[in-house]
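Peer 1: requesting a structural model of the entry that follows:
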Amino acid sequence: MVKSDFRRTMIWLHTYSSLVLGWLCFTVFLTGTLSFYNTEITQWMQPEYGSKASAPDHVNQALALLHVNGQDKKHWSIKLPFARSNEFKISMADRTGRGSRRTRTVMVLDVDTLESITPRETEGADFFTDIHYTLLLDDVGKVIVVIVAMFMLVALFSGIFTHRRFFKDFFTMRFKRLSQALSDVHAVVGIITLPFFSIICFSGVVMNNDTVTPWSMEYHFDKGKRELTSAISARLQDPKPSGIVAKPITDFSVIVAVVNEHWGEGKIKEILFTYPFDKAGVISVISLDENTLTNKAKELVFSANSGELLASYDDNDNFSLAFERVLTGLHEAEYAPVLMRFILFLMGSAGTFLIASGLILWLTKRLEKVKNIHRGHALVERLNVSVLVGLPLAIMAYFYANRLIPAQTEDRDILELVAFFSIWLTVIAYSNIGETRGKYQPLLLILAIGFFALPIADFLIDSRFIMQALSHANINYLSVNLIFITTGILCTSIYRYLKGKQQC
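Peer 2: Numbers count the residues shown, from 1 in each chain. Okay, here's the model as predicted:
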């Protein structure tokens, strides 16, 4: 009796912890899954960066341009291209300090010719990352996302008791009835993604602990989180200028040799010059985050005039920060090589499907037992259509807007966001008109055709980008088009299955 009551409690917890915030969970997980390919998607949305391989002497070439154009500037920076991105930028500012207002000049360079280029304005995949972390609501959104993650953890562990016969569930697949098919696939996907889901949800909570429970740090540390990060704050302070004029280095190869000794070749992500024409000026070399679980980038500091190594920052300051950074690194997966990133993307996609199937399953099972649809059932169904299909359609519209809006249009990044929200609002309105049944099929058909047509639209609107990607074997650019085609295939399969069942 006690065991039976416990299991019923777990089933209730699993059902309603998933349902109450299920649509937010779906939104957070879908945009988070896309964020695994944040860099690649942004490159696809700014094809002007090109597909050519990086030149070996980028730093010295960029340095020469800074010497010519930035003689009166107090801050220089060089952002270098790397395996996942062809973005190559140099910038100059008349003031130092990361929080100060400053006049900044940015030059975006072609990786092959070093000529200045003007990529189209777009939020790129950073828009999805913002939704994933904050729901576009800043700190309030962070708190909501953490609550969502906590609810998902409850749903996960209560689901273990709900589907306690793991092996039987794993090898049971029935596709004749929709509710049976959803239930079986939901159980199998849940088993496969359980470790991934647990790590992602737990790390998401820990990453935002300072926003959700700031009083804990204030209680345990005299200066709160500032005490934990005091070493970092100290290292980020700009040096005080000496007033003695000195010429910055023109050949970066000496510094590159020292960097290679510390980190290995090809590990430089960004180079920052502070007071380049002052005797006290420094150069900060920032490493790539790849091949390490922590999200903390290593840093080497050199004299801007002599190239002498002054300091090295590559050790974690304390256990608390190390723990948080490792979990953040696991969550963001910047460390992941190509195959690992693809596996994580598949896990994220499966997790997104798990949430969607759970929401549909809740409604399907209840509709099978009633003759008339209750108001609550209608509300859940309208929310399912609005979010489960509406958000993917809005994302698809965002990609189309990126290609259809002319590259040099003023405020085109805002127009892309208008397209995203307009389509989503249209689907929400459509889901609330008339009967709720049968609304999935036409929307899924539009999704299937739309994603299939995206690579074709990419080619027809300006064929040089995809042709360059093919000729230079730009896997990053081509993989995004491949994801579009795969999504089209998936939507077609779901559409055909639902059409055969004449449901949803």
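Peer 1: pLDDT value on residue 167, please?
Peer 2: On the pLDDT scale, residue 167 is placed at 56.
Peer 1: part of a strand, is residue 270?
Peer 2: Yes. Counting by DSSP: H, G, I helix; E, B strand; the rest coil, residue 270 is found in a strand.
Peer 1: separation between the closest residue to it other than its chain neighbours and residue 326?
Peer 2: Excluding its sequence neighbours, the residue lying closest to residue 270 (C-beta to C-beta, 6 or more residues apart in numbering) is residue 286, at 4.3 Å. Glycine gets a C-beta too; all of them are placed from N, C-alpha and C. Going from residue 286 to residue 326 by C-beta to C-beta, to the nearest Å gives 19 Å.
Peer 1: cool, and residue 375?
Peer 2: Residue 375 is 47 Å from residue 326, where distance means C-beta to C-beta.
Peer 1: SS state for residue 249?
Peer 2: Three-state assignment for residue 249 (three-state DSSP): coil.
Peer 1: residue 152 sits in which helix or strand?
Peer 2: In this structure, residue 152 sits in helix 138-162 according to DSSP states H and E.
Peer 1: report the buried residues of that helix.
Peer 2: 141-146, 148-153, 155-159, 162 (16 or more other C-beta atoms under 10 Å).
Peer 1: same question for it, mean pLDDT?
Peer 2: Here helix 138-162 scores 87 as its mean pLDDT.
Peer 1: what is that helix packed up against?
Peer 2: Counting by 3 or more C-beta pairs under 8 Å, 6 or more residues apart in numbering; DSSP states H and E, the packing neighbours recorded for helix 138-162 are helix 2-20, helix 22-35, helix 126-134, helix 178-207, helix 209-212.
Peer 1: just name the most buried of the ones you listed.
Peer 2: Using mean count of other C-beta atoms under 10 Å, the stretch among those with the largest mean neighbour count is helix 22-35, at a mean of 23.
Peer 1: and that one, what does it pack onto?
Peer 2: helix 126-134, helix 138-162, helix 338-367, helix 390-404.
Peer 1: what's the angle from the helix or strand just after the third one to helix 390-404?
Peer 2: So that's helix 338-367. Reading on from helix 338-367 to the C-terminus, the next helix or strand found by DSSP H and E is helix 375-384. With axes from the mean of the first three to the mean of the last three C-alpha atoms, to 10 degrees applied, the angle from helix 375-384 to helix 390-404 works out at 20 degrees.
Peer 1: give me the buried positions along helix 375-384.
Peer 2: 377, 380, 381, 382, 383, 384.
Peer 1: what of stretch 333-350?
Peer 2: So for stretch 333-350, counting by 16+ other C-beta under 10 Å, buried means 333, 334, 335, 336, 341, 344, 345, 347, 348, 349, 350.
Peer 1: so how far is it off the chain centroid?
Peer 2: Distance of stretch 333-350 from its chain centroid, counting by C-alpha atoms, centre = their mean, to the nearest Å, is 12 Å.
Peer 1: what mean pLDDT does that stretch have?
Peer 2: Per-region confidence: stretch 333-350 scores 88 on mean pLDDT.
Peer 1: I appreciate the help and will end here.
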